[in-house]
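# got a sequence here, can you model it:
(2 chains)
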Amino acid sequence: AQSVTQPDIHITVSEGASLELRCNYSYGATPYLFWYVQSPGQGLQLLLKYFSGDTLVQGIKGFEAEFKRSQSSFNLRKPSVHWSDAAEYFCAVGKGDDKIIFGKGTRLHILP
Amino acid sequence: DARVTQTPRHKVTEMGQEVTMRCQPILGHNTVFWYRQTMMQGLELLAYFRNRAPLDDSGMPKDRFSAEMPDATLATLKIQPSEPRDSAVYFCASGLVRGVGYNEQFFGPGTRLTVL
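All right, here's what the predicted structure looks like:
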């Protein structure tokens, strides 16, 4: 069965520091992978997605993610975080039938 | 700026009462999803529709939950009777599926439901 694991429930980084959020997936075929962000009291917004092609995907707000098939990973990165990046981040995998399975999320805290 | 709207944003009710949550998908989108978010379970898919037809409601407790799309501009999620364990944030999302690959799901702001 398809699954998504985000091993870090909380991550704290200082403003201006680099960020990497981890995501591992389990899927038998070529996955469709997503990262969403949820600000407090808001719905989810798509940051980026991977379907095929270049394994380094650029998204909005300066985020990028790299698909590594050998490691079944799709980690999210940002070179320098801003206080406004504090939110919860969800990795998700497509099941091949319109549905998406979401990870449990990683809450990002930013230190001033 | 097209967006998914949900009403009400907050709902407090007593156990046993009927709850109806409404969603207006983005105009032109052909797929609508209902999700429930809790601390313990995270985001769970309850049901989804394509072109107003229900495709999958396996995530939904059938005895008390029902989801419908009376028309292309309105999706509803009803709980009757409600129970305290239904307390959660309910999200609606819509998307445009064109047959190949995935397209983005656009989420509404959610309805925070509290059942006392």
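# next one: residue A:41 from residue A:52, what distance?
35 Å (Cβ to Cβ, to the nearest Å). (Each C-beta comes from the backbone N, C-alpha and C, glycine too.)
# show me where chain B has its strands.
For chain B, applying DSSP state E gives strands covering B:5-7, B:10-13, B:19-24, B:31-38, B:42-50, B:53-56, B:65-71, B:74-79, B:88-95, B:106-107, B:111-115.
# enumerate the residues of chain B near chain A.
B:4, B:31, B:42-43, B:45, B:48, B:50, B:55-56, B:91, B:93, B:95, B:97, B:101-102, B:104-110 (Cβ under 8 Å from any Cβ of the partner chain).
# which of these count as buried?
Buried by 16 or more other Cβ atoms under 10 Å in any protein chain shown: B:4, B:31, B:42-43, B:45, B:48, B:50, B:56, B:91, B:93, B:95, B:102, B:105-110, out of the residues of chain B next to chain A.
# and the residue nearest the centre of chain B, what's its pLDDT?
Centroid-nearest residue in chain B, with Cα atoms, centre = their mean: residue B:34, separated by 2.9 Å. Per-residue pLDDT puts residue B:34 at 97.
# what's the burial count for residue A:110?
19 (other Cβ atoms under 10 Å in any protein chain shown).
# OK, contacts around the residue in chain A positioned nearest to chain B?
With Cβ to the nearest Cβ, the shortest gap between chain A and chain B falls at residue A:43, namely 3.2 Å. By Cβ atoms under 8 Å, 6 or more residues apart in numbering or on different chains, the residues touching residue A:43 are B:4, B:91, B:93, B:107-110.
# same question, residue A:1
residue A:26.
# 10 Å - rerun?
Contacts for residue A:1 (Cβ atoms under 10 Å, 6 or more residues apart in numbering or on different chains) come out as A:26-28, A:95, A:101.
# burial measure for residue 5, as a count.
Reading this off chain A. Neighbours of residue A:5 under the rule other Cβ under 10 Å: 14.
# let me rephrase: I mean chain B.
So residue B:5, with other Cβ under 10 Å, has 13 neighbours.
# do residue A:2 as well
16.
# wouldn't residue B:4 be in contact with residue B:29 here?
Yes - at 8.4 Å, residue B:4 counts as touching residue B:29 under the criterion of Cβ atoms under 10 Å.
# shaky segments in the chain?
I'll assume chain A. A:96 (pLDDT under 70).
# try chain B instead
B:99-102.
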